[in-house]
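In: After the sequence you'll find the predicted model.
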Amino acid sequence: MPPSDTDKHRKTDHDVIIRATDVTVRFGSKTILDGLSLDVRRGEILGFVGASGTGKSVLLRTILGLNPKQGGKIEVFGVDYDRASDAERLTVEQRWGVLFQQGALFSSLTVLENIQVPMREYLDISPQLMEELARLKIDLVGLAPDAAEKYPSELSGGMIKRAALARALALDPDIVFLDEPTSGLDPIGAADFDELIMTLRDTLGLTVYMVTHDLDSLFMACDRIAVLGQKKVLVEGPLQTMLENDDPWVRSYFHGKRARTVVPKDENPHYAVKDSDGK
Ligand SMILES: Nc1ncnc2c1ncn2[C@@H]1O[C@H](COP(=O)(O)OP(=O)(O)OP(=O)(O)O)[C@@H](O)[C@H]1O
């Protein structure tokens, strides 16, 4: 039987790098995530948004195994992290890179030494090779060669983000998790960073999971967007799906005053007729 349209568009397990199914996370009596499900697909830039305090960072930490969950399953590269052996966990950990908010570089180490931290932890290679690889990462993220010997305090905000990205890429991961990567950058620096992410996705086939509040990033860089609301993924899909969604928060976010400066008028189906503030 020929595949139906639905079958053709359904992603196979092979395309799914991360699958969260029915995930529940509580802190004491407070439930943060309640039956949340989400797929992250190979080679996509997924933007993860939601109001402040809804649990975006909690989900990220839960996926990374840094936060206990009370229910559900998280599979990374097809491995159920809860049931994985130590060896499987080690393999999974080498296939992801993380850029936490604020960059989180070690202030007492140079950029080169920071990038070498994960290499020392996971790779058994000579110091020379480690240095060569770290310098390649510095080049990859668009930093000048002399950034290698600098300490974080000597770098601009944009350079810190790039150095932290270089460290996240140290082990040639399949996926990088970025927690608000453009926060604190000026619009030009943020746009440059988005462009870098897109180039890395295109050239390395990198998958990107990006928690962000940055409308420009969502509009310019993301292939798909997932919105966290009511303790689960409220809506997910391409930008057009967001623009057509009628949930009040989604509408006010994607059709609010700030969005109007970003979304081209002819791409915004509700622009004139259904503005969130009724204007
Ligand atoms: N370790 C913890 N113990 C108790 N409560 C926590 C813990 N970590 C997070 N929370 C609570 O979980 C909720 C969600 O926090 P989280 O940082 O994930 O929000 P967020 O969506 O990332 O917000 P923002 O966009 O402001 O960064 C908050 O109410 C926070 O106080």
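Out: Arrived safely.
In: Measure how buried Arg95 is and give me the count.
Out: 15 (other CB atoms under 10 Å). Quick note: C-beta positions are derived from backbone N, CA and C, even for glycine.
In: That one touches Phe77, doesn't it?
Out: Yes: counting by CB atoms under 8 Å, Phe77 is a contact partner of Arg95 at 6.1 Å.
In: what's the overlap in contacts for those two?
Out: Asp174 (CB atoms under 8 Å, 6 or more residues apart in numbering).
In: now the helices for the stretch 151-279 of the chain?
Out: 157-168, 187-204, 215-220, 239-244, 248-255, 257-260 (DSSP state H, counting those that start in this stretch).
In: make that the stretch 1-150 of the chain, sorry
Out: With DSSP H, counting those that start in this stretch as the criterion, the stretch 1-150 of the chain has helices spanning 5-9, 56-63, 86-94, 111-122, 127-140.
In: Those helices: which one's closest to Ser217?
Out: helix 56-63 (13.9 Å; CB to CB).
In: name the helices or strands packed onto that closest one?
Out: Contacting helix 56-63 under the criterion 3 or more CB pairs under 8 Å, 6 or more residues apart in numbering; DSSP states H and E are the following elements: strand 16-27, strand 30-41, strand 45-50, strand 71-76, strand 175-179, strand 207-211.
In: Now do the same contact list for Gly237.
Out: 224-225 are the contacts of Gly237 under CB under 8 Å, 6+ apart.
In: where are the low-confidence patches of the stretch 51-200 of the chain?
Out: 102-103 (pLDDT under 70).
In: Get me the contact residues on it for the ligand.
Out: Residues of the stretch 51-200 of the chain lying near the ligand by CB under 6 Å from any ligand atom: 52-58.
In: which of those count as buried?
Out: 54-58 (16 or more other CB atoms under 10 Å).
In: For the residues you listed, please prepare JSON lines with the additional fields distance to Tyr253.
Out: Below are these laid out as JSON lines (distance: CB to CB, whole Å):
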{"residue": "Thr54", "distance to Tyr253": "12"}
{"residue": "Gly55", "distance to Tyr253": "16"}
{"residue": "Lys56", "distance to Tyr253": "13"}
{"residue": "Ser57", "distance to Tyr253": "18"}
{"residue": "Val58", "distance to Tyr253": "20"}
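In: Name the nearest of these relative to Ala87.
Out: Nearest to Ala87 among those, with distances taken as CB to CB, is Val58, at 27.6 Å.
In: Ile32 is in contact with that closest one, correct?
Out: Yes: with contact defined as CB under 8 Å, Val58 counts as touching Ile32 (5.1 Å).
In: Need the residues touching each of the two.
Out: Val25.
In: What separation do you get for the residue nearest to Leu228 when sequence neighbours are not counted and Val227?
Out: Nearest residue to Leu228, sequence neighbours excluded (CB to CB, 6 or more residues apart in numbering): Gly50, at 3.2 Å. Distance of Gly50 to Val227, given as CB to CB, to the nearest Å: 6 Å.
In: Out of the two, name the residue with the larger neighbour count.
Out: The residue with more neighbours, out of Gly50 and Val227, is Val227; 25 against 21, by other CB under 10 Å.
In: Show me what that one bridges to in the sheet.
Out: Beta bridges link Val227 to Val49, Val235, judged by DSSP bridges.
In: per-residue confidence for it?
Out: For Val227, the pLDDT comes out at 95.
In: any idea how far Ala51 is from it?
Out: Counting by CB to CB, the gap from Val227 to Ala51 is 9 Å.
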